[in-house]
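Enquirer: here are the coordinates; sequence isn't available:
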């Protein structure tokens, strides 16, 4: 999951392009025909990397602790391979539809457009719904991270006390910080254009990568001084829990079509995508394993909380909070576009945006653990977007000409995605509510 401005187009077009009231078959991504420079292979590599890697990586060491390091390594490899396969299925499906002799779908620019091309209004509604839930879920995760991190920095007590003890008029520190963000988020999310916010995405990616580098260096230093006991395997419930976090960390399926469109040599996109996914999976594996090996059973749900109270730790954690604070409006933009498209005839609607920000903030207040919520979002929505929809759309498009093996493969992925999604959602909810019991 990257935070670049292209990411916000995952579910729709920019609000500035909605000059004419849209119909159901209006492409969600605007295609204005203006010439622009297409991406080279290195730039495509960077764009894919930015679109996938995000704050979810900070919950991986905790997931390694819960799931077991060997199980987690296998899980990351499996999810990376399946995500790559799902992205390529979307590419092949679009090519088939656009090359159709009937010419019914000359330009499919987004995931929602593809859903409409394959299944009509139902397909677009299904994709829109999942994108709204996933994008809003990402933003809830950001507020949980900001609240818990600032609470941890402002007190010398334990993580549990930081997130639940009353600090001001009976309000917990986490709740106080989330509500402090609320009026500022109302202002930022009122901006109809992303032009002023988009440059901050570069800052967000730099901070994320910098934080990962600092944490990995510290992990290596600590690991050389102490070798805590670690477990290779976990239980069945922790397996589904970890799977949800892994799927969340690789969420970027909606950017496959736009990124392939922007590449100069489209025949090389599959190769570049595969190379990037391998690199990201290797980086995730190293980051998660090193964090767990360094702190063992003391690994926190946000790995930066293990860095202590030093100046470097404070700077890194504040930097992450600032970047997520300004990234939240970018990630909420697809939600606004879907809602305004369906309930406001494509027109800007301030009160609707404010109500959505309020809803996201309220959910963040009631979820205590960052990694637990990553698992819930990954299982409930990202499994559907990354596994179920790509295989289903591919099957429906090619079913008249594919062999029984290819058909079986698509159907198997759909079934697997549903099973993993339902199971992961169930176990994630158990983890979230068990914290309060």
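Expert: Nice, I can see it. Being a predicted model, the structure only gives us computed values, none of them experimental. Residues are numbered from 1 along each chain as shown.
Enquirer: Helices of the stretch 151-300 of the chain, residue ranges please.
Expert: 159-164, 173-188, 200-225, 236-249, 256-262, 269-295 (DSSP state H, counting those that start in this stretch).
Enquirer: do you know which of those lies nearest residue 313?
Expert: Of all the helices of the stretch 151-300 of the chain, it is helix 200-225 that lies closest to residue 313, at 8.4 Å by Cβ to Cβ. C-beta coordinates here come from the backbone N, C-alpha and C atoms, glycine included.
Enquirer: so what does that closest one touch, helix or strand wise?
Expert: If contacts are counted by 3 or more Cβ pairs under 8 Å, 6 or more residues apart in numbering; DSSP states H and E, helix 200-225 sits against helix 269-295, helix 311-343.
Enquirer: Is residue 401 in a helix, a strand, or coil?
Expert: Recorded secondary structure, residue 401: coil (DSSP: H, G, I helix; E, B strand; the rest coil).
Enquirer: where does it fall, phi/psi-wise?
Expert: Backbone torsions of residue 401, given as degrees, to the nearest 10, read phi -130, psi -10.
Enquirer: Is there a neighbour count for it? I'd like the number.
Expert: Residue 401 has 8 neighbouring residues, counting by other Cβ atoms under 10 Å.
Enquirer: Ignoring the adjacent residues along the chain, who's closest to residue 143?
Expert: Once flanking residues are discounted, residue 143 sits nearest to residue 364: 3.7 Å by Cβ to Cβ, 6 or more residues apart in numbering.
Enquirer: wait, is that neighbour part of a helix?
Expert: Yes - assigned with three-state DSSP, residue 364 falls within a helix.
Enquirer: in terms of contact, does it touch residue 177 like I think?
Expert: No - if you go by Cβ atoms under 8 Å, residue 364 and residue 177 don't touch, sitting 10.2 Å apart.
Enquirer: out of those two, which sits in the busier spot?
Expert: residue 364 (24 against 21).
Enquirer: The more buried one: what's it in contact with?
Expert: If you count contacts by Cβ atoms under 8 Å, 6 or more residues apart in numbering, residue 364 has them with 140, 143, 144, 147, 178.
Enquirer: isn't the fourth one right next to residue 178, touching?
Expert: Right, the one you point to is residue 147. Yes - applying Cβ under 8 Å, one finds residue 147 in contact with residue 178, separated by 4.4 Å.
Enquirer: Pull up the gap between residue 409 and residue 79, please.
Expert: Relative to residue 79, residue 409 is positioned 17 Å away (Cβ to Cβ, to the nearest Å).
Enquirer: These two: which is more packed in?
Expert: Higher neighbour count among residue 409 and residue 79: residue 79, with 28 against 17, using other Cβ under 10 Å.
Enquirer: The more buried one and residue 247 touch, don't they?
Expert: Yes - assessed by Cβ under 8 Å, residue 79 is found in contact with residue 247 at 5.6 Å.
Enquirer: about what we covered before: sort out which of the contacts of residue 364 are in helices and list them.
Expert: Among the contacts of residue 364, the members found in helices (DSSP state H) are 140, 143, 144, 147, 178.
Enquirer: Make TSV out of these and add neighbour count, pLDDT and distance to residue 124.
Expert: Formatted as TSV, the ones in helices among the contacts of residue 364 follow (neighbours: other Cβ atoms under 10 Å; pLDDT from 0 to 100; distance: Cβ to Cβ, whole Å):
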residue	neighbour count	pLDDT	distance to residue 124
140	23	88	24
143	27	90	29
144	28	88	30
147	29	88	34
178	24	89	33
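Enquirer: Which of those sits closest to residue 393?
Expert: Each of the ones in helices among the contacts of residue 364 was scored against residue 393 by Cβ to Cβ, and residue 140 proved nearest at 27.6 Å.
Enquirer: Can you list the low-confidence ranges for the stretch 251-400 of the chain?
Expert: Across the stretch 251-400 of the chain, nothing is flagged by pLDDT under 70.
Enquirer: And for the stretch 51-200 of the chain?
Expert: Ranges of the stretch 51-200 of the chain meeting pLDDT under 70: 102-106, 156-170, 193-200.
Enquirer: which residues in it form strands?
Expert: Using DSSP state E, counting those that start in this stretch, the strands of the stretch 51-200 of the chain run over 166-168, 171-172.
Enquirer: starting at the chain centroid, how far to the shortest one?
Expert: Which is strand 171-172. Distance of strand 171-172 from its chain centroid, counting by Cα atoms, centre = their mean, to the nearest Å, is 28 Å.
Enquirer: got TSV for the contacts of residue 364, with distance to residue 315 too?
Expert: Shown next, in TSV, are the contacts of residue 364 (distance: Cβ to Cβ, whole Å):
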residue	distance to residue 315
140	25
143	21
144	21
147	19
178	22
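Enquirer: so who does residue 298 touch?
Expert: 228, 306.
Enquirer: Report the separation between it and residue 71.
Expert: Distance, residue 298 to residue 71, by Cβ to Cβ: 20 Å.
Enquirer: hmm, back to that, quick one: which of the helices and strands packed on helix 200-225 is nearest residue 219?
Expert: For the helices and strands packed on helix 200-225, proximity to residue 219 was assessed by Cβ to Cβ; helix 269-295 is nearest, at 4.0 Å.
Enquirer: Tell me the buried residues in the closest one?
Expert: Residues 269, 272-274, 276-277, 280-281, 283-285, 287-295 are the ones in helix 269-295 that count as buried (16 or more other Cβ atoms under 10 Å).
Enquirer: Also stretch 328-339?
Expert: Residues of stretch 328-339 classed as buried: 328, 329, 330, 331, 332, 333, 334, 335, 336, 337, 338, 339 (neighbour count, 16+ other Cβ under 10 Å).
Enquirer: what residues are up against the first one?
Expert: Taking Cβ under 8 Å, 6+ apart as the criterion, residue 328 is in contact with 139, 142, 143, 185, 188, 189.
Enquirer: Verify the stated contact: the fourth one with residue 358.
Expert: Same thing as residue 185. No - between residue 185 and residue 358 there is no contact, the gap being 9.5 Å when judged by Cβ under 8 Å.
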